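**Q** How does the following fold in three dimensions:
(chains A and B)
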Amino acid sequence: MVHTVLFTIFALIAVAGAVNLIAQRHPINSALSLIVVMASLAVEYLLLGAEFLAVIQVIIYAGAIMVLFVFTIMLLNAGEEERTQGSRVALLLGVPGLVIGGGTLAWLLFRHSGTGAVAAGALPGFPKEIGRLLFRDFLLPFEVTSVLILIAIMGAVVLASPPKGAQEPIELPPAPQGEE
Amino acid sequence: MQGTVSLTQFVVISILKIAIGLGALLTLDAYTVLAERKIVGRIQNRWGPSRVGPFGLLQPVADAFKLLFKEDITPPYVYKPLYLLAPVLALALSLCSIAVIPIGNDITIRGYTTALQITDINVGLLVILGITSIGVYGVALAGWSSNNKYSLLGSLRASAQMISYEVALGLSLVGVLILSGTFSLRGIVDAQAGTWFGFIPRWNIFPQFVGFLIYLTAAYAETNRIPFDLPEAETELVAGYHTEYSSMKFAMFFMAEYANMITVACLASLLFLGGWHGPLFGPPLMQALLPVFWFALRVFFFLFLYIWIRGTLPRFRYDQLMAFSWKVLLPLAIANIVFTSLWVALFS
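**A** Now for the predicted structure:
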């Protein structure tokens, strides 16, 4: 009973945060809304008995990735976005498309999904079990994903590094005497 | 939750524990400030506060009143919602960690057995890491919302520094986790019971000495203390991220910093120095309270170390700070993990 109430409350907070993320005009506010979404998702995991996943969600998403987002916004000193009128095509096609797509998805989920309600804590949530799943049953997908991330990192480095010979050497101030 | 207690009992006991835990933490907070002022005073060959109360012991009370009654200035052109949120966030998160820190064995009062800990969850260590990683926002948002170049520079430095050192900090703990096989702080302490060869205590500091040093360094950097206090370097940045804060809002950042120090000291004692293990003797009541005493002793040692280092070392240069984290601490931490896992795989 308490779980259901809490689950509903945090689900509503997550949706509200997501709507606010789009509605806000300042990037910092949007980023903070996204953190709210992620934190409430973590609470949902916790309510389902997945303690490990909940904490990892907070550490990785709210604590590491979003900090970098906020850091970048602060560093670039990004200002408020301008509001445009929006395009007519998007309005004419987008809204009906959203209604039809969302409706179909909801109907499918209600009618055809074979999943029943899962009791809290019924699924493996302890670090040991997750580790076993990752490193035995799903070892190949797990490793392939890590290679994928590595490729993304290398791509970012290649894109960010200046072309050869184009960069002037940065002059560092002379180091204080008596060092190294 | 204990097996045989009613919900009411559980709620009452939990509220009591939270009240006592928070009270103790905030008192320790205030007196760590006093201890710092007195010890740094002695290190610098002066007395430190000595006028208010015997030996200056009431100085924290005087400070609290001073901070409460100071004028609370909100500068114009700050971004108000975040300017107000930032100190609250910093303080609240720094106080949260106490919830999962155990300070002693189970105790039994009138047939009711309870752990000396607000809540024991099996991912306790990760919860503390999570709370610390969210703690960056307090500092980052304070600097940005203040609309002041010094604040912004301070908070940019703080975010970069805390992200960098968090990596080394997290990795330095993996060795301990491999040895004890659990994320629960209580479980980690239990795994350190007993001795090797009859006289060396089975503390993690001996097999994990490198991990211990990396943890201590990274944790000191995480709390933005000297020699890692670049975010508030007063010679270059006025006061860094809290330049525009005054009165209680400034005090909240101040309290958050010291609460974080206490958390780090508790964690270092639990993970590396065997938590509350120590010789037990005397009547039953003394036997029940001695573990808390041994634990407090270790925490005070680490707090003293903080103050000692502050009185001894100069501040890093910014590029040295970043290079140290990524080029020294991180490779060391990874090597430590590899060696520890090899050791465990080969010999146990």
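**Q** Which residues belonging to the helix or strand where residue B:94 lies are considered buried?
**A** Using DSSP states H and E, the element containing residue B:94 is helix B:80-96. Across helix B:80-96, burial judged by 16 or more other C-beta atoms under 10 Å in any protein chain shown covers B:82-83, B:85-87, B:89-91, B:93-96. Where C-beta positions appear, they are placed from N, C-alpha and C, glycine not excepted.
**Q** What distance do you get for residue B:181 to chain A?
**A** Residue B:181 is 9 Å from chain A, where distance means C-beta to the nearest C-beta, to the nearest Å.
**Q** That residue: neighbour count?
**A** By other C-beta atoms under 10 Å in any protein chain shown, 12 other residues sit near residue B:181.
**Q** related to what we said a few turns ago, give me the helices and strands touching whichever helix or strand comes after the helix holding residue B:94, please.
**A** Scanning forward in sequence from helix B:80-96 by DSSP H and E, the next helix or strand is strand B:104-109. The contact analysis (3 or more C-beta pairs under 8 Å, 6 or more residues apart in numbering or on different chains; DSSP states H and E) places strand B:104-109 against strand B:112-116, helix B:284-312.
**Q** Strand B:104-109 relative to helix B:284-312, how many degrees between them?
**A** Taking axes from the mean of the first three to the mean of the last three C-alpha atoms, to 10 degrees, one finds that strand B:104-109 is oriented at 140 degrees with respect to helix B:284-312.
**Q** What strands flank strand B:104-109, and is each parallel or antiparallel?
**A** According to DSSP bridges, the neighbouring strands of strand B:104-109, each with its direction, are strand B:112-116 (antiparallel).
**Q** Now the following helix or strand past the strand it pairs with - C-alpha only, CSV.
**A** Downstream of strand B:112-116, the next assigned helix or strand under DSSP H and E is helix B:124-145. Once non-C-alpha atoms are left out, helix B:124-145 reads as follows in CSV (Å, rounded to 0.1, in the frame of the first residue of the first chain):
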residue,chain,number,x,y,z
GLY,B,124,25.7,1.4,2.4
LEU,B,125,29.0,2.3,0.9
LEU,B,126,27.5,3.1,-2.5
VAL,B,127,24.9,5.3,-0.9
ILE,B,128,27.6,7.4,0.7
LEU,B,129,29.4,7.6,-2.7
GLY,B,130,26.1,8.6,-4.3
ILE,B,131,25.4,11.3,-1.8
THR,B,132,28.9,12.7,-2.2
SER,B,133,28.6,12.7,-6.0
ILE,B,134,25.4,14.7,-5.7
GLY,B,135,27.1,17.1,-3.2
VAL,B,136,29.0,18.7,-6.2
TYR,B,137,25.8,20.5,-7.1
GLY,B,138,25.7,22.6,-4.0
VAL,B,139,29.1,24.1,-4.8
ALA,B,140,28.6,24.3,-8.6
LEU,B,141,25.2,26.0,-8.4
ALA,B,142,26.3,28.4,-5.6
GLY,B,143,29.1,29.7,-7.8
TRP,B,144,27.0,29.9,-11.0
SER,B,145,24.0,31.6,-9.5
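**Q** Helix B:124-145 vs chain A: in contact?
**A** Yes - legend: contact between helix B:124-145 and chain A by C-beta under 8 Å from any C-beta of the partner chain is shown at B:126-127, B:129-130, B:132-134, B:136-137, B:140-141, B:143-144.
**Q** again, but for stretch B:80-98
**A** Yes - shown here: stretch B:80-98 in contact with chain A (C-beta under 8 Å from any C-beta) through residue B:82.
**Q** separation between the most centrally placed residue in chain A and residue A:50?
**A** Taking C-alpha atoms, centre = their mean, the centroid of chain A lies closest to residue A:61, which sits 5.8 Å from it. Counting by C-beta to C-beta, to the nearest Å, the gap from residue A:61 to residue A:50 is 14 Å.
**Q** try residue B:202
**A** When C-beta to C-beta is the yardstick, residue B:202 and residue A:50 sit 32 Å from each other.
**Q** now swap in residue B:137 and tell me
**A** Distance of residue B:137 to residue A:50, given as C-beta to C-beta: 24 Å.
**Q** Give me the more crowded residue out of these two.
**A** residue B:137 (24 against 21).
**Q** before we move on, the earlier item: which one is the residue nearest to the centre of chain A nearest to, not counting chain neighbours?
**A** On the basis of C-beta to C-beta, 6 or more residues apart in numbering or on different chains, the spatially nearest residue to residue A:61 that is not a chain neighbour turns out to be residue A:38, at 4.5 Å.
**Q** domain parsing for chain A?
**A** In the assignment given by automatic domain parsing, the structural domains of chain A cover A:1-80, A:124-161.
**Q** what's the most buried one of those?
**A** By mean neighbour count, with neighbours taken as mean count of other C-beta atoms under 10 Å in any protein chain shown, domain A:1-80 ranks first of the domains of chain A at a mean of 17.
**Q** I'd like the mean pLDDT over it, please.
**A** Rounded to a whole number, the mean pLDDT of domain A:1-80 is 85.
**Q** Helices along the chain, start to end?
**A** Went with chain A since none was named. With DSSP state H as the definition, chain A shows helices at residue ranges A:2-23, A:27-47, A:51-56, A:66-76, A:88-89, A:95-112, A:127-132, A:139-160.
**Q** nope, chain B
**A** Per DSSP H, chain B carries helices over the ranges B:7-43, B:59-69, B:80-96, B:124-145, B:149-172, B:174-180, B:185-190, B:209-222, B:234-237, B:247-272, B:284-312, B:318-323, B:330-347.
**Q** tell me the most buried of these?
**A** Stretch with highest mean neighbour count among the helices of chain B: helix B:124-145 (a mean of 26; mean count of other C-beta under 10 Å).
**Q** Check which helices and strands that helix sits against.
**A** Taking 3+ C-beta pairs under 8 Å, 6+ apart as contact, the helices and strands that helix B:124-145 lies on are helix A:27-47, helix A:51-56, helix A:66-76, helix B:80-96, helix B:149-172, helix B:185-190, helix B:247-272.
**Q** Just give me how far it sits from the chain centre.
**A** Helix B:124-145 sits 13 Å away from the centroid of its parent chain (C-alpha atoms, centre = their mean, to the nearest Å).
**Q** what angle separates it from helix A:66-76?
**A** Relative orientation of helix B:124-145 and helix A:66-76, computed by the same axes, to 10 degrees: 20 degrees.
**Q** could you give the angle of helix B:124-145 to helix B:80-96?
**A** Using the same axes, to 10 degrees: helix B:124-145 against helix B:80-96 is 160 degrees.
**Q** Report the angle between helix B:124-145 and helix B:247-272.
**A** On the basis of the same axes, to 10 degrees, helix B:124-145 is oriented at 150 degrees to helix B:247-272.
**Q** now helix B:124-145: mean pLDDT?
**A** 85.
**Q** Please apply the same query to stretch B:330-346.
**A** Confidence over stretch B:330-346, taken as the mean pLDDT, stands at 90.
**Q** Run the chain-centre distance for it.
**A** Here the centre of stretch B:330-346 is set off from its chain's centre by 25 Å, with C-alpha atoms, centre = their mean.
**Q** Name the residues that touch it?
**A** With contacts defined as C-beta atoms under 8 Å, 6 or more residues apart in numbering or on different chains, stretch B:330-346 is touched by B:167-168, B:171-172, B:174-175, B:178-179, B:207-208, B:210-211, B:214.
**Q** For those, which two are the farthest from each other?
**A** Comparing every pair within the contacts of stretch B:330-346 by C-beta to C-beta identifies B:167 and B:207 as the most remote, at 22.4 Å.
**Q** which one of the residues of helix B:124-145 next to chain A sits closest to residue A:84?
**A** For those, the residue nearest residue A:84 by C-beta to C-beta is residue B:144; the value is 26.3 Å.
**Q** Could you check how far that closest one is from residue B:46?
**A** Note on residue B:144: its distance to residue B:46, by C-beta to C-beta, is 37 Å.
**Q** For the buried residues of helix B:80-96, work out which two are farthest apart.
**A** B:83 and B:96, at 21.7 Å, using C-beta to C-beta across the buried residues of helix B:80-96.
**Q** Apart from its chain neighbours, what residue comes closest to the residue in the stretch 51-200 of chain B that chain A sits nearest to?
**A** With C-beta to the nearest C-beta as the measure, residue B:133 is the residue of the stretch 51-200 of chain B nearest to chain A, at 2.7 Å. Distances taken as C-beta to C-beta, 6+ apart put residue A:63 closest to residue B:133, at 2.7 Å, once the chain neighbours are dropped.
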